[in-house]
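Student: Generate a structure from the sequence data that follows.
(3 chains)
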Amino acid sequence: MFISMIDPQSSIWPRWTKWKRLHPAVQFTHVSLAETLDGGQAFRWHEEKDGQWIGLWAQNVARIRLDYSNHLEWSCPESLSKKVSLAIPSYFAAQIDFDGLISNLPYQRDPALSKALKDWKGLRVIRQPFSETLLTFLCSSNKRIIQIKQICELLARRLGTNIVGNFYALPTWKELGQVPERELRYCKAGYRARFIHETACFLRENPKYLKRIEILPYDEGRKLLRQLPGVGEKIADCVLLFGAGKLESFPVDTWILKTIANLYKSNLRSPKEAALFGRQYFGKYAGVAQQYLFASNRR
DNA sequence: ATCCAGGTATGCA
DNA sequence: TGCATACCTGGA
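Tutor: Residues are numbered from 1 along each chain as shown, chains lettered A, B, ... in the order given. Purely as a prediction, here's the structure:
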């Protein structure tokens, strides 16, 4: 009763640092920023007001917007300033020159790819914490982005730790190792609850497992990821692309399957075949091409 | 009310 | 290997 609900100085609402341009500098357009943050790579960003986003990963909370020249700038709760300033360049893969990578894609003889690269200028593959990426994509099967976000939010609020103010971190695998499957169902995870629970139990017995996969080459990491319950080819590829920076990974969901069939292979037989095609045709940075085509052909 | 959604595991040819 | 089917849940 002594705390004003809207006191901006109270411990409920954190004080925010002043805005700073990300370094190394990163440019987006408003649509490519929205697609990067809310297009299915990450599930913990929301648009706070027009063009301004707020999101969290691991123990980090940040606000994001574009400045007059479309450069990314950020601000965070003051108490997290040190942590976030260290984490944010890596999260946005700011050291990676995506324009440079894109010039390696076969766009010159590919009008569809060429158009996607132009329409979604600035779109990036971000680099999320590996273990968290695994958790969020275990929640993703047969769900729309909005529902995946809802599950993640519930997992964080019910089972994660408070970071600051009203922001909660996703539970770690160690924390999930203590959680009965029933609790995960209360978070609306549905049949995915069993996968999460069994993966948590497995990782409790094999605590080094994820650390190892993250630094392994793509093929080997993929094999090990696939051993985990609930991790099929698509989810393994997403986790490696968005959580381990394996840019050759080419996740094939229903949308990309249709896209590949429409644009490149009308007699496509399976997602497996599409993934193989994607990696061969687009090469080392197939995952980057995937993101642009995905953005271009979704809906 | 059905149907389906950025899949996976399982069982059976 | 290749295909069909069930699986939680919530929104259209």
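
Student: tally of neighbours for the residue of the stretch 151-299 of chain A found nearest DNA strand C?
Tutor: Closest approach between the stretch 151-299 of chain A and DNA strand C, counting by CB to the nearest atom of the strand: A:Gly190, at 2.2 Å. Quick note: C-beta positions are derived from backbone N, CA and C, even for glycine. Using other CB atoms under 10 Å, the number of residues around A:Gly190 comes to 15.

Student: cool, A:Arg182 as well?
Tutor: Neighbour tally, A:Arg182, other CB under 10 Å: 9.

Student: thinking again about what came up before, what about the residue of the stretch 151-299 of chain A closest to DNA strand C, which SS state?
Tutor: coil (DSSP: H, G, I helix; E, B strand; the rest coil).

Student: for it, what are its contacts?
Tutor: Under the criterion of CB atoms under 8 Å, 6 or more residues apart in numbering, A:Gly190 has no neighbours.

Student: Can you pull the residues of the stretch 1-150 of chain A lying near DNA strand B?
Tutor: By CB under 7 Å from any atom of the strand, the residues of the stretch 1-150 of chain A that approach DNA strand B are A:39-41, A:140-145.

Student: go again using 6 Å as the cut-off
Tutor: Residues of the stretch 1-150 of chain A lying close to DNA strand B (CB under 6 Å from any atom of the strand) are A:39-40, A:140-142, A:144-145.

Student: likewise the stretch 151-299 of chain A?
Tutor: A:229-235, A:238, A:251, A:253-255, A:294.

Student: Among those residues, the buried ones, what's the ChimeraX command?
Tutor: Buried residues among those (16 or more other CB atoms under 10 Å), as a ChimeraX selection:
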select /A:230,231,234,235,238,251,253,294
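
Student: Check the residues of the stretch 151-299 of chain A next to DNA strand B against A:Pro171 and report the nearest one.
Tutor: Proximity of those to A:Pro171 (CB to CB) peaks at A:Gly230, which lies at 16.1 Å.

Student: just the strands in chain A please.
Tutor: Secondary structure of chain A (DSSP state E): strands at A:20-21, A:45-49, A:52-57, A:60-66, A:72-75, A:162-164, A:167-168.

Student: pLDDT of the first one, averaged?
Tutor: If I follow you right, that is strand A:20-21. Strand A:20-21 comes out with an average pLDDT of 98.
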